[in-house]
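In: below is the sequence, then the predicted model.
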Amino acid sequence: MRTIFILLEGEVRRFLRDKSGLSLTFLVPIVLIYIFGHVFGVSGDGPSGIPLAVVSETNAPVAATITAALQKEKALRIITTDTQAKESKPLSEAQVRERLRAGSLRFALIFPPDTESDDRFGVRLKFLENPRNEIETQTVRGLLEKTIFTSAPQAFLASLQKRASKAIGQPNLDQFNHSLAEAITKAFGGDANETYARISKGTLPTNTGASSTSGNSFLDKLIKIDSEQVTGAQVKSPMATRSVGGWAMMFLLFSLSGAATSLFDEKKVGLYQRLLSAPVRRTHILWSKYLFGMLVGLVQLGALFTAGHFLFGIDITTNLGNLILICFAASSACVAFGMLLAAIAPTSTAANGMGTFLILTMSAIGGAWFPTSLMPEFIQHLSKLTIVYWSIEGFLQVLWANCTTLELLPTLGILLGIAAVVNIFSIWRFNHGQIFE
Amino acid sequence: MLTVQDLTKHYGPRIALADVSFSLEPGEFFGLLGPNGAGKTTFMSLVAGLRPADAGEIFFNGERFSPERIEQRAQLGYVPQDLALYVDLTAEENLRLFGQLYGLSGALLRERVAEGLRAAQLEKRRAEQVRKFSGGMRRRLNLVAAVMHHPKLLLCDEPTVGVDPQSRNAIFEFVEKLHAAGTTVVYSTHYMEEATRLCSRIGILDHGKLLAIGTLDELLAELPFTEQIRIARNDATSPHEAIFQQFGQVSTGDDAYILQPRAGLHLSEFFAAMERVDVPYRHLTVTRPSLENVFLHRTGKSLRDG
Ligand SMILES: Nc1ncnc2c1ncn2[C@@H]1O[C@H](COP(=O)(O)OP(=O)(O)OP(=O)(O)O)[C@@H](O)[C@H]1O
Ligand SMILES: [Mg+2]
């Protein structure tokens, strides 16, 4: 043990003396996290708004209602007028199609002349897309569905009234509407006459108007979706919290595989001849490297999370103990990866090349760049083989879901298990390989 | 102290060491003389426990040497041929680290670090990173770093390569001092002058084989002559080449003939012959044979040719 610490002290001294190495290890990742953070807009609530053109070729009130509701969505930027023309005038479908083809616009919603029709129940809309980016497309579709389904029930009501009038005659419908209004006011309160008037017009305002009426509360009570975010509800900076773990992992892998390839430099100058002729075992050298890597990893993760805290308000204090645990497990898995590189590569150049390739691959499929849930299924299976995946999983459990240590245990176990298996293999390779000869 | 028996090492098909056997008494200063690629480093690395031998055995103080036994390695000092130092650490930090690895601490460690810095003549530059040192400074530090623990057996693998005469003398003195204090030394070199000056016993190694072993006098005694005569090669001497050959074997160099007188020859006979043909004495030098001659005699090639 003493031998390991003597070697470790040497490593730390050398590391602290290497100013450019130090700044690469700590400063660069922090600066990059800062830049990435702003590129991806994590400090805000998401993208600045995906442009969505809305063309209305109908007078049906539902078009205006839906458009108004869409305009409230922060993730969308609604374009209704032709801003390129001198006088701003509403967009036409032909114009929109042209822009979609050219790629200057990727999504458009059209309310055709027959948005509402007497011989059909409901509303007809056209959605045009140029799906360049799968994630963006999914986002827009999701938002459209949500908006339309929460803001358009009145459209059904209006169309229902028209059809009923045709089928049973206006007098009968009036009578029916009276009874309905009475029933509603009895059940939900409000003024029966007013409710009757609104039912007949079929234009019950939903959440618009300042005059919140009994009819309004009736609809609210009829269709009410309580959406609740089960985890992460309390997270202050959701985007940053979700991403910081992935980035941290990538930097960690790079700096630790670099630290492990220092084995090659030391071999080159013959240091291992000297060390191994002294009362030092190969395992002492490997452990000192391992502990040194862990130390660098922990300090680097610490620096990154602290930066994330101050730049993006990531909450690191609430679950600090578990954060330290997961950092520990993630670091040991990353160091194991670096040692593996040194164990299997013939030269440091080869190790660096292989390292870059593997790190980028693992980061991509492990979800460091974008969530694995958006990837094809077979890739999702591969993800689970990477330490990046499990580390991100762990960071999310701690920072996002605020898990307890017990809940975190499986993830910790998997990471430490991967580290152990990789280490056993590396040590075997080191004992049979060239590096200590 | 150290006994090796039939020590053999191959690297793939290449044989680096073949059946090397000898034994050293405590306090010996043993020189391993051989050209490049003779197997000197291979021998050292086997004795230092850095690689396993393919065959043969090493005994250290009568016990079988096993690289696994750390307490045996603690009695050993190894000066690698490579400059095995942490270049990012200072001279002092290097010595401290290697001293600690040998179990030194506290006052003793401080004392040995100071002693090492003094011996390496690096006291003034103790706090400088090794990367700023010249090759000679690194050589000196490389040597003292291996003896922080005052080993019983010191293995020096060509410790003076690329060092100026002054540093070389400093290294000689340091090793001689250690030897005088009781350390057994194995010193490899391809300079016969070093082996001649330092070593009480010399082994000649070539192509992995130990060709000869003995004290300088023992090695020289096996030569069929005890002196040789160097004859400058010029207009005054070259017409008489045929006469030289009557007295022994002549080898012709660029600027001189080397005459190895045949056994039983009285040198006065040769000089009398030279007087008769008017070759001036200043063109003639009598020299004692050297390890170079032993090597030549054994291998048929010069030590310098490698
Ligand atoms: N790691 C190795 N792999 C393969 N061959 C090797 C290795 N090390 C040495 N050899 C070969 O073994 C032979 C002996 O090499 P060694 O280094 O022991 O010679 P040396 O006497 O120390 O030479 P030098 O004076 O150049 O240092 C040489 O032919 C060399 O090419
Ligand atoms: Mg050598």
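Out: Structure's in. What do you need? Keep in mind the model is a prediction, meaning the values are calculated, not measured. Ligands and ions are numbered 1, 2, ... in the order given.

In: mind listing what whichever residue of chain B sits closest to chain A touches?
Out: Residue nearest to chain A within chain B: B:Asp82 (3.0 Å; C-beta to the nearest C-beta). Quick note: C-beta positions are derived from backbone N, CA and C, even for glycine. Applying C-beta atoms under 8 Å, 6 or more residues apart in numbering or on different chains, we find B:Asp82 in contact with A:Val269, A:Gly270, A:Gln273.

In: does the second one touch B:Val79 like I think?
Out: Yep, that's A:Gly270 we're talking about. No - using C-beta atoms under 8 Å, A:Gly270 is not in contact with B:Val79, being 10.7 Å away.

In: any idea which helix or strand carries A:Pro171?
Out: Element membership of A:Pro171 [criterion: DSSP states H and E] is helix A:170-188.

In: centre of the chain to that helix, how far?
Out: With C-alpha atoms, centre = their mean, to the nearest Å as the basis, helix A:170-188 stands 48 Å off its chain's centre.

In: helices and strands around that helix, which ones?
Out: Applying 3 or more C-beta pairs under 8 Å, 6 or more residues apart in numbering or on different chains; DSSP states H and E, one finds that helix A:170-188 contacts helix A:153-168, helix A:192-201, helix A:214-222.

In: give the rounded mean pLDDT of the shortest one.
Out: Throughout helix A:214-222, pLDDT has a mean value of 46.

In: continuing past that helix, what's the next helix or strand?
Out: Heading C-terminal from helix A:214-222 (DSSP H and E), you reach helix A:238-268.

In: that following helix - contacts with which helices or strands?
Out: Using 3+ C-beta pairs under 8 Å, 6+ apart, the elements in contact with helix A:238-268 are helix A:19-39, helix A:282-312, helix A:320-344, helix A:348-366, helix A:387-399.

In: farthest residue from the center of the chain?
Out: I went with chain A, as the question did not name one. A:Pro171 (55.8 Å; C-alpha atoms, centre = their mean).

In: that's the other chain; I wanted chain B
Out: For chain B, the C-alpha farthest from the mean C-alpha position belongs to B:Arg276; by C-alpha atoms, centre = their mean, that distance is 43.8 Å.

In: please tell me which one of the contacts of B:Asp82 counts the most neighbours.
Out: A:Gln273 (25 neighbours; other C-beta atoms under 10 Å in any protein chain shown).

In: that residue reaches B:Gly49, doesn't it?
Out: No - using C-beta under 8 Å, A:Gln273 is not in contact with B:Gly49; the gap is 10.3 Å.

In: low-confidence regions, the chain specifically.
Out: This is for chain A. Residues of chain A that meet the criterion pLDDT under 70 lie in A:39-48, A:83-88, A:118-122, A:133-134, A:151-156, A:158-159, A:202-239.

In: let's do chain B instead
Out: Ranges of chain B meeting pLDDT under 70: B:304-306.

In: near ligand 1, which residues of it?
Out: Proximity of chain B to ligand 1 is confined to B:11, B:14, B:16, B:34, B:36-42, B:81, B:190 under the rule C-beta under 6 Å from any ligand atom.

In: which of these are buried?
Out: With neighbours counted by 16 or more other C-beta atoms under 10 Å in any protein chain shown, the residues of chain B next to ligand 1 contain buried members at B:Ala16, B:Gly34, B:Ala38, B:Gly39, B:Lys40, B:Thr41, B:Thr42, B:Gln81, B:His190.

In: now stretch A:392-405: buried residues?
Out: Going by neighbour count (16+ other C-beta under 10 Å), the buried part of stretch A:392-405 is A:Ile392, A:Glu393, A:Gly394, A:Phe395, A:Leu396, A:Gln397, A:Val398, A:Leu399, A:Trp400, A:Asn402, A:Cys403.

In: residues making contact with that stretch?
Out: So stretch A:392-405 is contacted by A:231-232, A:234-235, A:241-242, A:244-246, A:248-249, A:314-316, A:318-319, A:321-323, A:325-326, A:329-330, A:366-368, A:407-408, A:411-412, A:415 (C-beta under 8 Å, 6+ apart).

In: for ligand 2, what is the nearest residue in chain B?
Out: The nearest approach of chain B to ligand 2 comes at B:Thr41, 3.0 Å away (C-beta to the ion).

In: you'd agree that residue is in a helix?
Out: Yes - applying DSSP: H, G, I helix; E, B strand; the rest coil, one finds B:Thr41 inside a helix.

In: now do the contacts for it.
Out: So B:Thr41 contacts B:Gln81, B:Asp157, B:Glu158, B:Ser188 (C-beta under 8 Å, 6+ apart).

In: now do the helix or strand where the last one lies: distance to the chain's middle.
Out: By that I understand B:Ser188. Here B:Ser188, judged by DSSP H and E, is contained in strand B:184-189. Relative to its chain's centre, strand B:184-189 lies at 6 Å (C-alpha atoms, centre = their mean).

In: next structured bit after that strand?
Out: helix B:192-198.

In: buried residues in that next one?
Out: B:Met192, B:Glu194, B:Ala195, B:Leu198.

In: flag every buried residue along stretch A:327-335.
Out: By 16+ other C-beta under 10 Å, the buried positions in stretch A:327-335 come out as A:Cys327, A:Phe328, A:Ala329, A:Ala330, A:Ser331, A:Ser332, A:Ala333, A:Cys334, A:Val335.

In: what comes into contact with that stretch?
Out: Here stretch A:327-335 makes contact (C-beta under 8 Å, 6+ apart) with A:248-249, A:252-253, A:256, A:259-260, A:290, A:293-294, A:297-298, A:301-302, A:305, A:387, A:390-391, A:394-395, A:411-412, A:415-416, A:418-419, A:422.

In: mind jotting down where the helices sit in the stretch 201-306 of chain B?
Out: Ranges of helices in the stretch 201-306 of chain B, per DSSP state H, counting those that start in this stretch, are B:216-221, B:241-244, B:267-276, B:291-299.

In: most tightly packed of those helices?
Out: For those, the largest average neighbour count (mean count of other C-beta atoms under 10 Å in any protein chain shown) is found in helix B:291-299, namely a mean of 19.

In: would you mind pulling up the elements that that helix packs against?
Out: helix B:192-198, strand B:201-206, strand B:209-214, helix B:216-221.

In: can those go into CSV with extra columns for distance to chain A?
Out: Shown next, in CSV, are the helices and strands packed on helix B:291-299 (distance: least, C-beta to the nearest C-beta, whole Å):
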stretch, distance to chain A
helix B:192-198, 21
strand B:201-206, 19
strand B:209-214, 22
helix B:216-221, 29
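
In: next, B:Val163: phi, psi?
Out: phi -120, psi 140 (degrees, to the nearest 10).

In: count the neighbours of it for me.
Out: Neighbours around B:Val163, by other C-beta under 10 Å: 20.

In: likewise A:His178?
Out: 16.

In: wait, doesn't it sit right on A:Tyr196?
Out: Yes - if you go by C-beta under 8 Å, A:His178 and A:Tyr196 touch, sitting 5.8 Å apart.

In: for the stretch 1-150 of chain B, what spans make up the strands?
Out: Using DSSP state E, counting those that start in this stretch, the strands of the stretch 1-150 of chain B run over B:2-11, B:14-24, B:29-33, B:55-60, B:63-64, B:76-79.

In: take those and lay them out in TSV including distance to chain A.
Out: Shown next, in TSV, are the strands of the stretch 1-150 of chain B (distance: least, C-beta to the nearest C-beta, whole Å):
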stretch	distance to chain A
strand B:2-11	10
strand B:14-24	13
strand B:29-33	17
strand B:55-60	13
strand B:63-64	16
strand B:76-79	4
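
In: so which of the ones you listed is nearest B:Leu205?
Out: Of all the strands of the stretch 1-150 of chain B, strand B:29-33 sits nearest to B:Leu205, with 5.7 Å by C-beta to C-beta.

In: ok, that closest one near ligand 2 or not?
Out: No - using C-beta under 5 Å from the ion, strand B:29-33 stays clear of ligand 2, coming no nearer than 9.9 Å.
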